[in-house]
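K.L.:
attaching a predicted model along with its sequence, questions to come.
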Amino acid sequence: MTIPFIKYSKIWLFISAAISVACLALLLIWGLKPGIDFTGGSLLELSFSNARPTTADMVKSLDDLELKNSVVQMSESDRVIIRTNFLTEDQHQLVLKKIREAYQKDDNTVREESFVTIGSTVSQQLRRRALWAIIFVNLGIIAYVAYAFRKVSFPVVSWKYGLLAIVALLHDVLLVMGIFSLLGHYYGVEVDIGFVVAILTVLGYSVNDTIVVYDRIRENLLRRTAETFPDVVNNGLNQTLMRSINTTLKTILPLIALYFLGGPTIHNFTLALWIGIASGAYSSIFIASPLLVIVEKWQRRAV
């Protein structure tokens, strides 16, 4: 059974455009809530000689000190790393004092291993580097796809395959960022360097899925069949459909396990990957390929 994806391409593209516009509006209205990696902050590492408190206990202790949205990470077997907003020296000593009062009992000693402040200058540099990383990744994708598809520059020029793959990527990235904008506004979810890594991973995964579909279309074009271009694209989608579904499911299932069983420090990272990878599978089928057919139609009308 052949699924008529291209027949309903206008519906898929309308839905995708509506989602992208909604996510862009959320970003313009609320933006993303930056974590201390981008705004500056403090990092405190403590060691416990005997009974290390749980993550939940440490989070509660910090909330009691009005250090909201602090990140607590367990390290090694006896250490705790606390990332929080910028602390003055007085606040630093107060936090240390309160934690010792709560957990330094009997033979359990709380020792400060390190205290580091991340300045705003470093944070601005991280923002710039993250932006340049995303720009260079996109340019590299266009260059690679243009070269890989140079033998099928008819009826659509090879570099346009790369450009349309980027359009599909924008949908995936906007969806992830829009959802995190929503979570940041209502639940205080912050983005950090891990979020940037997740976005770059989504870019790579999404373009890989799109290239698999485009590659099958390229193979069908090289065979020089009597099919029309929309038929070639639709057949390519059907031939790669199960591969896309299986690959996506095999990737998302471990991410779901990581989200629920992993530590809180990787929740946002795995959630961003979860959303982006699912969106990447969607965009390669319902955005990148239908756009290819529309570009080909525009070119025929222009002749």
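P.N.:
Perfect, thanks for sending it. Everything numeric here is computed off the predicted structure, so don't read it as measured data.
K.L.:
any figure for the gap between residue 81 and residue 17?
P.N.:
Separation of residue 81 from residue 17 (Cβ to Cβ, to the nearest Å) stands at 43 Å. Backbone N, C-alpha and C define where each C-beta goes, glycine included.
K.L.:
more crowded one of those two?
P.N.:
Shown here are residue 81 and residue 17; by other Cβ atoms under 10 Å, residue 81 has more neighbours (17 against 12).
K.L.:
make sure I have this right: that one is in a strand.
P.N.:
Yes: Residue 81: assigned to a strand according to DSSP: H, G, I helix; E, B strand; the rest coil.
K.L.:
distance of the nearest residue to it once chain neighbours are set aside from residue 252?
P.N.:
Closest residue to residue 81 apart from its sequence neighbours, by Cβ to Cβ, 6 or more residues apart in numbering: residue 73 at 4.4 Å. Per Cβ to Cβ, residue 73 is found 25 Å from residue 252.
K.L.:
list of residues touching stretch 197-211?
P.N.:
Stretch 197-211 is contacted from outside by 133-134, 137-138, 141, 145, 148, 165, 168-169, 172-173, 176-177, 244, 247-248, 251, 268-269, 272-273, 276-277, 279-281, 283-284, 288, using Cβ atoms under 8 Å, 6 or more residues apart in numbering.
K.L.:
buried stuff in that stretch?
P.N.:
198-199, 202-203, 205-207, 209-211 (16 or more other Cβ atoms under 10 Å).
K.L.:
tell me the one among those nearest to residue 8.
P.N.:
Top of the list for closeness to residue 8, among the buried residues of stretch 197-211 and by Cβ to Cβ, is residue 210 at 19.1 Å.
K.L.:
what average pLDDT does the helix or strand hosting that closest one get?
P.N.:
Secondary-structure assignment from DSSP states H and E places residue 210 in helix 193-222. Model confidence over helix 193-222, given as mean pLDDT, is 85.
K.L.:
any buried residues in whichever helix or strand comes after that helix, and which?
P.N.:
Where DSSP H and E defines the elements, the next helix or strand beyond helix 193-222 is helix 229-261. Residues 229-230, 232-238, 240, 244, 247-248, 251-252, 255, 258-259 are the ones in helix 229-261 that count as buried (16+ other Cβ under 10 Å).
K.L.:
and what of stretch 13-30?
P.N.:
So stretch 13-30, judged by 16+ other Cβ under 10 Å, has buried residues 16, 19-20, 23, 26-27.
K.L.:
please apply the same query to stretch 145-155.
P.N.:
So, applying 16+ other Cβ under 10 Å, buried residues of stretch 145-155: 145-146, 148-149, 152.
K.L.:
and that stretch, how far apart are its ends?
P.N.:
Taking Cα to Cα, to the nearest Å, stretch 145-155 runs 16 Å from one end to the other.
K.L.:
neighbouring contacts of that stretch?
P.N.:
By Cβ under 8 Å, 6+ apart, stretch 145-155 touches 158-159, 161-162, 165, 207, 211, 214-215, 218, 221-222, 229, 296, 299-300.
K.L.:
widest-spaced pair of the residues you listed?
P.N.:
207 and 300 (26.9 Å).
K.L.:
one step back: just the buried ones from the contacts of stretch 145-155?
P.N.:
For the contacts of stretch 145-155, a burial check counting by 16+ other Cβ under 10 Å picks out 158-159, 161-162, 165, 207, 211, 214-215, 218, 221, 229, 296.
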